[in-house]
Every structure is written in C-alpha cells, then in structure tokens.
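Colleague: Can you look at this prediction? I've put the sequence above it.
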Amino acid sequence: MTRLLLAAGASVAILLATIGANAQTTAPATSDQPAADQGAADQGADSGQAGSGEEKQAPIPFEGGQLTITQPEQDGEKVLSYDGKQLASNYDVFFDKIVKIGDVNVALVDVGDGGNQCGPAKVIVWKKDGEIQTTTVEQDECGAPPAAVSDDAIYFVPYLLPGDSKPALQWSPTEGLTTFGNLTYTPEPGTDWKDVDPSKYDNIIDAFHNEAVYKAGQALLGDDMPDMATSLLVGGGTEKTTSGAFYATGCVPHDCGGNDGFMAVDPAKQKVYFARRGDNGGPQAWPPLKDWPDDIKKAYEDAQGSGN
C-alpha cells in the first residue's frame, strides 16, 4: 500500500489513520452518521436519481424544506434549488447523501460538467440561523477530492500521482473550508528492485509504489514526474522485452494521440526509461533515446508506430 507523507502535525496523522486515507488508489472510507431525515433523502434518491436516463430526482426533504434538482430546458443545465432558491447549476447534478456534522444536518451534492475528464465538485448545503448556506469544494478546477465524513468535519483527501503534493481540506459548519495538512506521494518504504512484480500492476504507474523505482524515476524526471505519470493514466497491463524488462504505453485522458507516454523498468539492471510526447508535439526521453538498450528502444518505436 502506498503511503502519504503529511506535513501538518500528529493530529493530522492520527486523523488519516482513522479514516483510512490511501489517496493514491482508493477513495477514503466513510463513517457517516445518518441525519434525522436521512431515510427520506435516501428514498428520494432511489426513486429517481438525476441523470439516470430520463428519470427525475424526487424532491429531497431537508431542514424543513425541499432540495430539488430540475432541468428547466431540454438538454440544458440541471439546477439545484432549495424551496425555489437556486443554489447551483451545471450539466450533471447528483444528490449524494445527508450526513450529520456535530448537530448540523448537511446535504452533499455532486455538481459537474459531465464526462470523465474531471470529476464533479462537491456542493455542501446546510442551514445557519434559519438561512440556507452553500460551499463548493473543488481542487485544481477539476472536481473535488474524495470525501471522508467524521463526527465533526468532512475531510477531502486528494488523489496523488507520483511526484505530487497537494493540500488536504476539511470543512465544518463552524470553521468552514480550511487546509488541515499537505499530502505528498510517498512510495512504500523499504521496497527494492527485488520486490518489483509487474504481474500485480493494473497500470505501470503502480511500479512507482516501489521505493527503488520511484527514486530512479525521480532522479531522471525531477519536476516532470507528475506530467509523466499523467501521460500513462489511460493504459493497461505491461509487456516484456527479450531481456526481461517490462514496459507499457499510455496517454493523458481525452488526449490520446496528442499526449502519450511510455515507461519501461528493467529490475535486473536497476534502470527505468521514460518517453512522452509533450505539449509541443515532439517526443522527450529520459535518459536520451541514444542511451536506451536496443530491445527497449524497439518496444518504444513499435508503440509509436501503432499510434500510441
């Protein structure tokens, strides 16, 4: 399991241990405490989730009123409202759930552009002094990080790629949205070249979980490591060369053919190789292609010839 390095003090470490945050590969576990009207809200969601075919989301009872998701114009944006007051709008609006933070009922709604390039933002809805309030959580203009709910706050723990470092956020009715720590992608300590096992990798990015691979990649890529990893996101399993090195190709989501990546790992020789077609359209390689072994270079050239 890949670990997260936190720079925020012991309380943050205890918190993330509690909510089980493994942000590289999985959404955090939640321990929601149902609000008084949770059952009614769930029933409303089951009777017609917005965006599921042509079905309409039933009104959701909340704090003495109703949350509604409507689509005023065919093929237009959906609108989240509370007793007729518009709270948010976009092409995809989905009711998530109602939770209780302290003694405050809080509704969570996903609002986004649609598609899978970016996830939805999370709209937080609650009442304060009799007035409905909202806060929208989004990171890097590309959706909200996965949310984990505790008794006194909602924590947003970002997904990290190799080389990434991002703030972790928390929200509570009393403090609002604040940063509670910084998360940095960290490989599994103590793992070495002998521990590399490509048969366990769903994507070659998983090789970065190995500390030896990560350090070798970091030495070559430096600040380019997150971009390199992003160029491998759309990809599958690995293949082997004649020398026993393994490799895979990939691409940036929604930019296959325009921003493609290649990665090879040779555990026996303790070497890694990367290539990426970057923003300027030309390939970059780490180390330079002239320094690559013939079989790995051939695998890369064959991949280029196949269009990926």
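Modeller: Cool, got the structure. Predicted model, so just to flag it, every value in this text is computed and none were measured. Numbers count the residues shown, from 1 in each chain.

Colleague: what about residue 214, is that helix, strand or coil?
Modeller: helix (DSSP: H, G, I helix; E, B strand; the rest coil).

Colleague: Pull up the gap between the closest residue to residue 176 other than its chain neighbours and residue 73, please.
Modeller: Using C-beta to C-beta, 6 or more residues apart in numbering and skipping the chain neighbours, the partner closest in space to residue 176 is residue 135 (6.8 Å). Where C-beta positions appear, they are placed from N, C-alpha and C, glycine not excepted. Distance of residue 135 to residue 73, computed by C-beta to C-beta, to the nearest Å: 27 Å.

Colleague: who's more crowded, those two?
Modeller: residue 135 (15 against 7; other C-beta atoms under 10 Å).

Colleague: where's that one relative to residue 90, distance?
Modeller: Taking C-beta to C-beta, one finds residue 135 at 16 Å from residue 90.

Colleague: Over to residue 162?
Modeller: From residue 162 to residue 90 the distance is 31 Å (C-beta to C-beta).

Colleague: More neighbours: which of the two?
Modeller: residue 162 (24 against 17).

Colleague: contacting residues for the more buried one?
Modeller: 185, 205, 208, 214, 217, 218, 225, 226, 228, 229 (C-beta atoms under 8 Å, 6 or more residues apart in numbering).

Colleague: SS state for the residue nearest to residue 176?
Modeller: Classification of residue 135 by three-state DSSP places it in strand.

Colleague: ok, residue 206 - contacts?
Modeller: residue 200.

Colleague: that's a helix at it, yeah?
Modeller: Yes. Read with three-state DSSP, residue 206 is one of the residues of a helix.

Colleague: That one and residue 177: what is the separation?
Modeller: 32 Å.

Colleague: Residue 188 now?
Modeller: To residue 177, residue 188 is 31 Å away according to C-beta to C-beta.

Colleague: For residue 262, which residues are in contact?
Modeller: Residue 262 touches 247, 248, 249, 250, 273, 274, 275, 276, 300, 303, counting by C-beta under 8 Å, 6+ apart.

Colleague: Correction: the previous question concerned residue 170.
Modeller: Per C-beta under 8 Å, 6+ apart, neighbours of residue 170: 153, 154, 155, 156, 177, 178, 179, 180.

Colleague: go again using 6 Å as the cut-off
Modeller: Shown in contact with residue 170 (C-beta atoms under 6 Å, 6 or more residues apart in numbering): 153, 155, 178, 180.

Colleague: Could you give the bridge partners of it?
Modeller: Here residue 170 sits in beta bridges with residue 155, residue 178, going by DSSP bridges.

Colleague: Kindly report the same for residue 240.
Modeller: Beta-bridge partners of residue 240, counted by DSSP bridges, are residue 246.

Colleague: for residue 123, same thing?
Modeller: Going by DSSP bridges, residue 123 forms beta bridges with residue 109, residue 136.

Colleague: quick one on the thing from earlier: make TSV out of the contacts of residue 162 and add pLDDT.
Modeller: Listed next are these as TSV, based on pLDDT from 0 to 100:
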residue	pLDDT
185	95
205	96
208	97
214	98
217	98
218	97
225	96
226	94
228	95
229	95
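
Colleague: What about those residues, which one has the most neighbours?
Modeller: residue 208 leads the contacts of residue 162 on contacts (other C-beta under 10 Å) with 29 neighbours.

Colleague: Just give the closest residue to that one, not the sequence neighbours.
Modeller: Nearest to residue 208 is residue 162, by C-beta to C-beta, 6+ apart, at 4.1 Å.

Colleague: Please apply the same query to residue 143.
Modeller: residue 119 (3.1 Å).

Colleague: Tell me if that neighbour really is in a strand.
Modeller: No. If the criterion is three-state DSSP, then residue 119 is coil and not within a strand.

Colleague: okay, now the domains of this protein?
Modeller: Annotated domains of the chain cover 3-185, 193-305 [automatic domain parsing].

Colleague: which of these has the lowest average pLDDT?
Modeller: When those are ranked by mean pLDDT, domain 3-185 comes last with a mean of 78.

Colleague: where exactly do the strands run in the stretch 101-250 of the chain?
Modeller: Under the criterion DSSP state E, counting those that start in this stretch, strands of the stretch 101-250 of the chain are mapped to 104-112, 121-128, 131-137, 147-149, 154-156, 165-172, 176-186, 239-240, 246-251.
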